[in-house]
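S.K.: Sequence and predicted structure are below.
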Amino acid sequence: MPEESDRAIGLLEQIADTALDDDYYVVRAGRYSQSRELNTVLTGLVIALFALLVTLAVVQTRSDRPATERERESLIANIDARKKLLANREETAASLRAAVAQLRASADRTDPAYESLRLAAGDRAARGPGITMTVTPTSSDNQRNNHRITDNDLQILVNGLWYAGAEAISVNGNRIGTMSAIRTAGDAITVNFKSIGPPYVIVALGNDDTLESRFEDNPSGRYWAGRVQALRARSEVASSTQLRVPAVPAQRLTPIHAVAIEETR
């Protein structure tokens, strides 16, 4: 039995060794060699192409460098020019701020002549020495229409104070200006179109030593004294060195139809 199995194994090995024809091995070896040569050629072509691409990239980079440098230099020059422009504008702005500050300082300095004109026109509140007249009618007299203090009485009083040398006058806190009106509206007296009622407080700025006496001596003062006595009103006069009167309302300062005449000198 062992001999038979050895013969069988030997037979199988012989069949395996002679299964293919010798020509197969020759053809197979030729195909492998051709494929190997083809791969070698393709690899060389790829390497040559890659080398060509790298060379082109290097050449392109070298040729683009001058343009990039010019762009960089142009950008730097543009930045420098803008910096100089900004510095010039900042310098101009500082100069303008200084000019504005100087103009403000000069505007704050008052012109005496201009301020005197504003004061005389009633455009500015005023303070100084003067007298205060307080007139209080009796309650019984105040209830009778024919025996109360009228707008005409206050007009004569104010005119008498102007005549006595008053420089600024207010009636119940309303400054009397060139276009101010003291008149009756219904049952009330109005000054600068504002209603006022008793007691009537008249503030007159002027020489507090002579203002009262000069008022009493002029015709308006004598009329007022008789009027107070007839109405049995109470009239008090007090002098002071520090009195205040407000400015004339703006709407009573600005003329609508009157226009200044230009004088030739």
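M.R.: Looks like it came in fine. Numbers count the residues shown, from 1 in each chain.
S.K.: tell me which residues of the one helix or strand residue 213 maps to are tucked away?
M.R.: In this assignment (DSSP states H and E), residue 213 forms part of helix 211-217. Across helix 211-217, burial judged by 16 or more other CB atoms under 10 Å covers 211, 212, 214, 215. Using the backbone N, CA and C atoms, a C-beta is placed for each residue, glycine as well.
S.K.: again with stretch 174-185
M.R.: For stretch 174-185, using 16+ other CB under 10 Å, the buried residues are 174, 175, 176, 177, 179, 180, 182.
S.K.: quick one on the thing from earlier: tell me the one of the buried residues of helix 211-217 nearest residue 197?
M.R.: Among the buried residues of helix 211-217, residue 215 lies closest to residue 197 (CB to CB), at 23.3 Å.
S.K.: List the contacts of that closest one.
M.R.: Contact analysis of residue 215 by CB atoms under 8 Å, 6 or more residues apart in numbering lists 160, 161, 163, 164, 221.
S.K.: In space, what's closest to it - neighbours in sequence excluded?
M.R.: residue 164 (4.0 Å; CB to CB, 6 or more residues apart in numbering).
S.K.: Residue 70 versus the one you found, what's the distance?
M.R.: 92 Å (CB to CB, to the nearest Å).
S.K.: Settle it for me: which of these two has more neighbours?
M.R.: residue 164 (22 against 10; other CB atoms under 10 Å).
S.K.: wait, isn't that one in contact with residue 224?
M.R.: No: proximity of residue 164 to residue 224 does not meet the contact threshold set by CB atoms under 8 Å, at 11.2 Å.
S.K.: what's the overlap in contacts for these two?
M.R.: By CB under 8 Å, 6+ apart, no residue touches both residue 164 and residue 224.
S.K.: hang on, the earlier thing: roughly how far out does the helix or strand following the helix holding residue 213 sit from the chain middle?
M.R.: Following helix 211-217 in sequence order, the next helix or strand is helix 219-231 (DSSP H and E). How far helix 219-231 lies from its chain's middle: 57 Å, per CA atoms, centre = their mean, to the nearest Å.
S.K.: contact partners of helix 219-231?
M.R.: With CB under 8 Å, 6+ apart, helix 219-231 has contacts from 135, 137-138, 141, 147-149, 153, 156-157, 159-161, 163-164, 214-216, 233-235.
S.K.: name the helices or strands packed onto the helix or strand where residue 201 lies?
M.R.: Here residue 201, judged by DSSP H and E, is contained in strand 200-205. Helices and strands touching strand 200-205, by 3 or more CB pairs under 8 Å, 6 or more residues apart in numbering; DSSP states H and E, are strand 126-136, helix 151-163, strand 168-171, strand 234-245.
S.K.: what pairs with it, and is each one parallel or antiparallel?
M.R.: strand 126-136 (antiparallel), strand 168-171 (antiparallel) (DSSP bridges).
S.K.: which outside residues touch the last one?
M.R.: This means strand 168-171. So strand 168-171 is contacted by 119, 122, 126, 128, 130, 154, 158, 161-162, 175-176, 182, 191, 196, 200-205, 245-246 (CB under 8 Å, 6+ apart).
S.K.: Much appreciated, bye for now.
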